[in-house]
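Student: with the input below, show me the fold.
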Amino acid sequence: MACVVVATTVSITTTGFRLGISNYAFHIPYVLRSSELPVFLGDAFYQSMEKFTSIIWPIVRSFSTEENIEPVFFTAHILSRAAAFSALFWFLKVNGTSRPSAITISLAAAAVTPWLISSSVVGGHGLFIGYFTHSEATWGPLVAAMVAAQLGRFTLSAFLTGIVFLINAFVGIWLAAILAMGVVMDPEKRPDWRLLAKSSLVFLFTCSPVVVWITFALSNKKPVPDFSYIDYIRQYYPAHFLIEAASFRDLVSLSILTYCGFAAAFLHTNRKFWMSTLSACIILLLVGSVAPYVFNTRNVFNLHLLRSDGVLQFLAIILTISATTLALTEIKSKIDVRVVAVLAISSLMSMRTDIIYLIFVAMCLSYLAAAQLCNSGTRFTWLNSISLGVRNCIASLLVFSAIFLDLLLVGYSYSSIARWFLVLGIIYLLIKYPTKPTVENAVIPILCILLSIQVAHTANTWRSFDLSKKSQIDKSTYEMMRWIRQSKLTGPFLFPVDGIHGLAFNEFQFRTQRPVWIDLKQGAAVMWDPSFYWQWMPRFTEVNSLVTPNDYLNYAAKNRIPQVVLPRTKGFCPAGSVTAFENASFSVCSIALPAGLP
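Tutor: Modelled structure (predicted):
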């Protein structure tokens, strides 16, 4: 299992870790019990936190204080990533990747491929991301549940699916639907009714704590507000829910990823199961693309069905990695097959998500599938007429095409030259020593590890550059938040909520320990507490329409908001307010509110 530790380390080095971004706007307040603080007793957003259901956060809460929250979240981040790579290790072993070298190559590729980093291409579901969240923690048990189903161990698969439900309920529902449809479509895997009943009971028993929690959360006495869920989603975050938010490029990328998944599944010995599972993922995604437009209800949107494209993408990539690694490390494979497999793996590990790289991987998989049909000699007899010389010529063209493509997109750099030096070194060894096990067992994995480290270094450099662009803003932001926390200013605070400036204030409330008037990220609370809609939506609409500093000042005075935080791009504190704090990026404006205002 040393390779799991190495892969986890490389993966976390590639994605990094950062506390306080994105969904931490509600994770951290829940973990730190911020709703119990006197200053937040009347805060509707923080009071809704107990309805945010996941077994992960009560566990993390039991270890967390404000002083240790960063190491606790980082430890959880490491453990969830290690669980994912442990499940991938099992997946590889079960699907024929038994040699240590093949497993090492596969896990290294999974650790650095950009197609498993960040979010899925259509629904924006988190894959391997740079912070800890309960969604990412599902990858380990999710992959393990699929492998257990592949082995016919349906009771274990049901238990693991229940664990996924405990961590993230809607991902657990996706997984249950995918496995159920996959088993139905694969006659060889259909269990008898007794085993099916037993597995269903195991699943229900395992997920029962969160089912009870959700039931109590839904049984509140507040009247359900009458509003259009789809209109709310369009205002808040359409990319997670509505296919209309996906670009043409995203849809093409997902289509190619899906093709890669099916081509890779064809190359596996257990192709029926994986093709059935991929088909089930597609059916779920198609339902998720249509359902929000047909059923404009909270329960449908809370299933986040469009985000299930993340499972399809994850599965397609790990099947591709497994299939190409098997082709590379199988000594009986012909040279052209092993060379094309190297090209596919190296293209997957290029730290760019250009569609053209994905097309090239799809071409390589098509070549491997055609070569397998040629070798089988049972069907498609016309393929058998293709000589080995022709195949070698095609493989050579793919090599030169890959080099040209990489230099065209990435350009001449030390990293690209080093990468191709290593790739060509592997190809040379394959041609020079085609049947020596020592080469396959030692030199190839060492070179692939070096290749992975190089790509991981490139990824880390890219990530560091990306963060460095924000570092000055972050420095000013944290300076402003620290000052407010130490000051005697009382809230609520008003600040912009537009897509450009709103994200800078994700951490404001829990870092300053001050109430806010409205925050962009707070809109998520409507998903678990619909009554919050009538606070969030009117305020969001009103504040999002403000433009000038005077607009903010007049709105604050009208709504008796004593403090306004203006990014420097919005301007300075206007006349009628006092500049309480100022730095390179922000001004904090205090407003003397007339006593006569209602």
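Student: going forward, measure contacts between C-alpha atoms and count neighbours the same way
Tutor: OK.
Student: ranges for the strands of this protein?
Tutor: 493-494, 563-567, 577-582, 586-591 (DSSP state E).
Student: identify the bridge partners of the most centrally placed residue in the chain.
Tutor: Taking CA atoms, centre = their mean, the centroid of the chain lies closest to residue 126, which sits 1.5 Å from it. Note on residue 126: beta-bridge partners by DSSP bridges are residue 119.
Student: residue contacts, it?
Tutor: For residue 126, the contacting residues are 118-120, 135-136, 310, by CA atoms under 8 Å, 6 or more residues apart in numbering.
Student: for these, give me TSV that also has pLDDT and distance to residue 242.
Tutor: Formatted as TSV, those follow (pLDDT from 0 to 100; distance: CA to CA, whole Å):
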residue	pLDDT	distance to residue 242
118	81	19
119	88	16
120	92	14
135	90	19
136	90	21
310	95	15
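Student: for residue 39, state which of the residues you listed is nearest.
Tutor: Nearest to residue 39 among the contacts of residue 126: residue 135, at 30.1 Å, using CA to CA.
Student: how close does that closest one get to residue 361?
Tutor: 28 Å (CA to CA, to the nearest Å).
Student: more neighbours, these two?
Tutor: Each of residue 135 and residue 361 has its neighbours counted (other CA atoms under 10 Å); residue 361 has more, 26 against 20.
Student: OK, contacts around that one?
Tutor: 260, 343-344, 347-348.
Student: give me the subset of the residues you listed that lies in helices.
Tutor: Those of the contacts of residue 361 mapping onto helices are 260, 343-344, 347-348, per DSSP state H.
Student: name the member of these with the most neighbours.
Tutor: residue 344 (27 neighbours).
Student: tell me how many other residues surround the closest residue in space to residue 520 that isn't next to it in sequence.
Tutor: Leaving out its chain neighbours, the residue that sits closest to residue 520 by CA to CA, 6 or more residues apart in numbering is residue 497, at 5.2 Å. Counted with other CA under 10 Å, the neighbours of residue 497 add up to 24.
Student: okay, the strands of the chain in TSV with distance to residue 511 next?
Tutor: As requested, the strands of the chain are exported to TSV (distance: least, CA to CA, whole Å):
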stretch	distance to residue 511
strand 493-494	13
strand 563-567	15
strand 577-582	17
strand 586-591	16
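Student: average pLDDT across stretch 426-439?
Tutor: Mean pLDDT, stretch 426-439: 65.
Student: and residue 487, how many neighbours?
Tutor: Residues lying near residue 487 (other CA under 10 Å) number 11.
Student: need the contact list for it.
Tutor: For residue 487, no contacting residues are found, by CA under 8 Å, 6+ apart.
Student: how about a cut-off of 10 Å?
Tutor: Residues in contact with residue 487 (CA atoms under 10 Å, 6 or more residues apart in numbering) are 481, 512, 580.
Student: looking at those residues, which is nearest residue 204?
Tutor: residue 512 (41.4 Å).
Student: excluding chain neighbours, give the residue nearest to that closest one in space.
Tutor: With sequence-adjacent residues excluded and distances taken as CA to CA, 6+ apart, residue 512 is closest to residue 485, at 4.4 Å.
Student: so how far is residue 503 from the one you found?
Tutor: Counting by CA to CA, the separation of residue 485 from residue 503 is 19 Å.
Student: please apply the same query to residue 359.
Tutor: With distances taken as CA to CA, residue 359 is found 34 Å from residue 503.
Student: next: residue 81.
Tutor: To residue 503, residue 81 is 26 Å away according to CA to CA.
Student: neighbour count winner among those two?
Tutor: Comparing residue 81 with residue 503 by other CA under 10 Å, the one with more neighbours is residue 81, at 28 against 17.
Student: excluding its backbone neighbours, what's nearest the more buried one?
Tutor: residue 8 (6.2 Å).
Student: wait, what's in contact with the one you found?
Tutor: Going by CA under 10 Å, 6+ apart, residue 8 touches 2, 14, 78-86, 107-108, 110-111.
Student: between those, which is nearest residue 96?
Tutor: Distances from residue 96 to the contacts of residue 8, taken as CA to CA, are shortest for residue 107 (14.2 Å).
Student: any idea how far residue 145 is from that closest one?
Tutor: 19 Å.
Student: over to residue 321?
Tutor: Remark: distance between residue 321 and residue 145 (CA to CA) = 19 Å.
Student: out of the two, which sits in the busier spot?
Tutor: Shown here are residue 321 and residue 145; by other CA under 10 Å, residue 145 has more neighbours (28 against 25).
Student: the residue nearest to the more buried one when sequence neighbours are not counted: neighbour count?
Tutor: The shortest distance from residue 145 to any non-neighbouring residue, by CA to CA, 6+ apart, is to residue 157 (4.4 Å). If you count neighbours by other CA under 10 Å, residue 157 ends up with 27.
Student: against residue 210, how distant is residue 157?
Tutor: Going from residue 157 to residue 210 by CA to CA gives 18 Å.
Student: again with residue 402
Tutor: In terms of CA to CA, residue 402 sits 49 Å off from residue 210.
Student: pLDDT weak spots in the stretch 451-598 of the chain?
Tutor: Within the stretch 451-598 of the chain, the segments meeting pLDDT under 70 span 451-473, 499, 501-502, 593-598.
Student: show me the helices in it, by range?
Tutor: 508-512, 525-528, 533-544, 549-558 (DSSP state H, counting those that start in this stretch).
Student: figure out which of the ones you listed is closest to residue 165.
Tutor: helix 525-528 (16.2 Å).
Student: which other helices and strands does the closest one contact?
Tutor: Helix 525-528 makes packing contacts with helix 44-47, helix 193-218, helix 229-236, helix 298-301, helix 533-544 when contacts are defined by 3 or more CA pairs under 10 Å, 6 or more residues apart in numbering; DSSP states H and E.
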